[in-house]
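Trainee: Okay, sequence plus prediction incoming.
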Amino acid sequence: MWPKFPISEPLGHDRKVLDDLQVFQDTQMITNRIPVKVGNETVGALVTFRNRNELDKALERLSGVEHYAQALRFQTHEFMNKLHVIGAMVHTKSFEELREYVDYLSEQYNAGINEIATYVKDITLAGYVANQIDRLEKADVNVTLSGNGGWPVFTEPRHIDRWITIIGNA
């Protein structure tokens, strides 16, 4: 079925061949060929085929997840810093400063989320965008949101993954 595919190679050489690219016309497949042994005798081979386009899509999704995880680590770090400040204010009984700080954090959060929610209705994507904007502003990058409407609400997780990849790579 697949011209020039070396399916018998593991039989003669008694070795695994992993992640081998095979091309036939416009189709690219990643193949694995593993000898099957009974005792010391090689009696066959297990051959798997994986469409390269599927693997590329999976890698793209993983990249988006990696960006999202990085944003969550950043957000967790920032949250812990704020908790340390709050804890210090409680410890020193600086309750007026604590109230002002909590009010400031609340106003800052609501202003950012409300602005983003005008454009991004999906909560996961809105949180990711908020984290990215916060990261950019901490790096002294001025961020302005504008537009004539909102982003669509995504019904499939792969669409969210793609947008996270796009935003993370921008």
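Mentor: Received, thanks.
Trainee: Show the average pLDDT along the host helix or strand of R73.
Mentor: Assessed by DSSP states H and E, R73 sits inside helix 52-91. Here helix 52-91 scores 83 as its mean pLDDT.
Trainee: List the buried residues for stretch 80-90?
Mentor: M89 (16 or more other C-beta atoms under 10 Å). The C-beta positions use only the backbone N, C-alpha and C, and glycine is treated the same way.
Trainee: Check the offset of it from the chain's centre.
Mentor: How far stretch 80-90 lies from its chain's middle: 30 Å, per C-alpha atoms, centre = their mean, to the nearest Å.
Trainee: pull the CA atoms of that stretch into CSV?
Mentor: The C-alpha trace of stretch 80-90 is given here as CSV (Å, rounded to 0.1, in the frame of the first residue of the first chain):
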residue,chain,number,x,y,z
MET,A,80,1.2,35.7,46.5
ASN,A,81,3.1,39.0,46.5
LYS,A,82,-0.2,40.8,47.3
LEU,A,83,-1.0,38.4,50.1
HIS,A,84,2.4,39.0,51.6
VAL,A,85,1.7,42.8,51.6
ILE,A,86,-1.7,42.2,53.1
GLY,A,87,-0.2,39.9,55.8
ALA,A,88,2.4,42.5,56.7
MET,A,89,-0.3,45.1,57.1
VAL,A,90,-2.3,42.9,59.3
